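1. Here is my input, please return the structure:
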Amino acid sequence: MSQSNPKILNPFARGYQNLRVVRTLFITYEDDCPPVWRPLHSSQAHLRDEEVSLFPCCIGDDFALITEGHVLPQVLDDQCDVEGVVRSVVYAVVGEDLDGQSVHVGDNYSKEAADEVVRRLSFETGHYSRSWEISTAHLSESSQRFLCGLVDRPAPSGLLFEAFRIPASPAIGLKLIATPWSEANLQQVEGTSVAQLLLQFKAAGVPDDLILVLQLAAHADVRILIFDGDASELDGLPLHEAD
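-> As a prediction, this is how the structure comes out:
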């Protein structure tokens, strides 16, 4: 959520969004130049790895084209001013962080291996670490009292979270609804905005420190958040001394 404290890196952030595999070419050219990586141009995307690896190519700013045995359209040839050799085909695993910035996760030398990395990182749900148990030290006493009161009465409408008790434990759990609480997702799922949600929190008397924790967790697409006095503290999340 854009209204989160910008000085705090989100400690709930785990994994990557929109994981995918991109075939790239590891290319060398001229002895004193460092190697480069380029995707194969879409017009040659049908070529198999063995039809690409160790073949000469020409290099553009955003793509490469295999030259041996191929007649290149002049418009594409004009965009490639360097000649090189494809040393290997690399399957890069790429994704996005919570803010949509591109992230290079790693390289593999077969599509099968890259697909397996994506499968293991994504899990069946496509999300990683959606349930968290953290110390109640991250909540002020007023926030803890607010949550205790919330589990004993109907929750105000529009809060997008529900509190529940853990049997035989003083811990309190929260189920976050309609995550992530981004502008686009809130508008699509709830027909509301981040600013409107914050106003509803304020109107319901949700303490500021609890709002911050909820914002950070929901932005990381956390669904279940449990506060327990015996749980570990989450590095990077503010702590609160007793009131």
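2. Can you read off the pLDDT for the residue lying closest to residue 240 once chain neighbours are set aside?
-> Leaving aside its chain neighbours, residue 240 sits nearest to residue 140 (4.5 Å; criterion: CB to CB, 6 or more residues apart in numbering). Every C-beta, even on glycine, is put in place using the N, C-alpha and C of the backbone. Per-residue confidence (pLDDT) for residue 140: 96.
3. Kindly report the same for the one 3 residues further on.
-> In this prediction, residue 143 carries a pLDDT score of 96.
4. That one belongs to a helix?
-> Yes: assessed by DSSP: H, G, I helix; E, B strand; the rest coil, residue 143 belongs to a helix.
5. Return the residues in contact with it.
-> 207, 209-210, 240 (CB atoms under 8 Å, 6 or more residues apart in numbering).
6. In strands, which of these appear?
-> The strands, defined by DSSP state E, take in nothing from those.
7. hmm, back to that, and the residue nearest to residue 240, what does it touch?
-> The contact partners of residue 140, taken as CB under 8 Å, 6+ apart, are 207, 209-210, 240, 243.
8. hang on, residue 77 packs against residue 59?
-> No: at 11.6 Å, residue 77 and residue 59 do not qualify as touching, with contact defined as CB atoms under 8 Å.
9. Have a look at those two and say which one is more surrounded.
-> The neighbour count for residue 77 versus residue 59, taken as other CB atoms under 10 Å, is higher for residue 59 (20 against 14).
10. Roughly how far does the more buried one sit from residue 235?
-> Using CB to CB, to the nearest Å, one gets 44 Å for the distance from residue 59 to residue 235.
11. What is the subsequent helix or strand relative to the lowest-mean-pLDDT helix or strand in the chain?
-> Lowest on mean pLDDT, DSSP states H and E among the helices and strands of the chain sits helix 111-122, with a mean of 91. Next in sequence after helix 111-122, counting helices and strands by DSSP states H and E, comes strand 131-135.
12. mean confidence for that next one?
-> 94.
13. Determine the set of other helices and strands touching that strand.
-> When contacts are defined as 3 or more CB pairs under 8 Å, 6 or more residues apart in numbering; DSSP states H and E, strand 131-135 packs onto strand 224-228.
14. what sits against residue 136?
-> By CB under 8 Å, 6+ apart, the contact list for residue 136 reads 144, 227-229, 231.
15. Quick check: the two most widely separated of those?
-> Largest separation among the contacts of residue 136 by CB to CB: 144 and 231, giving 13.4 Å.
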